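>>> Pasting the sequence and the predicted model now:
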Amino acid sequence: MARGLDYYTGTTIEVCFQSPPVAGVYTFVNSSGLLGPNKAFMTVTNPPSQDAGSVWYSSAGSITITISGSSITGTFSNISCYKTP
C-alpha cells in the first residue's frame, strides 16, 4: 500500500497492490477483493470540495509505476471514482 497526505486540504490517497509494485502499468479495480497481477485499488479520503469525511473509491483508470533507485513514482491516467452512500 502507498499513502499520500495533502496537509493543506487533509486529503489522503491510498493505492493498494496485491504485492509490492514493480515498474509498469496497473489498472484500477473497484474493490480490494479484485486485486491481482497488474491491478490496483485506490481510496481518496476527504477529497477537495466534497463532504468532510467522505471516501471515494477507484472504478477505472490506471497508474503507471516508475522506479529509480529507492524512489517510486506513480502517474495517474483516466481516473474514475465512485462514492458509496
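Sure, I can see it.
>>> now the end-to-end length of stretch 8-21.
Distance between the two ends of stretch 8-21: 28 Å, counting by C-alpha to C-alpha, to the nearest Å.
>>> buried sites along that stretch?
For stretch 8-21, a neighbour-count test (16 or more other C-beta atoms under 10 Å) marks 13, 15-17, 21 as buried. (Glycine included, C-beta is placed from N, CA and C.)
>>> so which of the residues you listed comes closest to residue 41?
residue 16 (4.7 Å; C-beta to C-beta).
>>> and the residue of the chain positioned farthest from its centre, how far is that from residue 20?
Distance from the C-alpha centroid of the chain, by C-alpha atoms, centre = their mean, peaks at residue 69 (21.9 Å). Look at residue 69 and residue 20: by C-beta to C-beta, to the nearest Å, they are 15 Å apart.
>>> Then residue 8?
With the distance defined as C-beta to C-beta, residue 8 ends up 29 Å from residue 20.
>>> One more: residue 61?
Relative to residue 20, and taking C-beta to C-beta, residue 61 is found at 21 Å.
>>> give me every residue that touches residue 20.
For residue 20, the contact set (C-beta atoms under 8 Å, 6 or more residues apart in numbering) is empty.
>>> In three-state terms, label it for me.
Recorded secondary structure, residue 20: coil (DSSP: H, G, I helix; E, B strand; the rest coil).
>>> ditto for residue 74
With three-state DSSP as the criterion, residue 74 reads strand.
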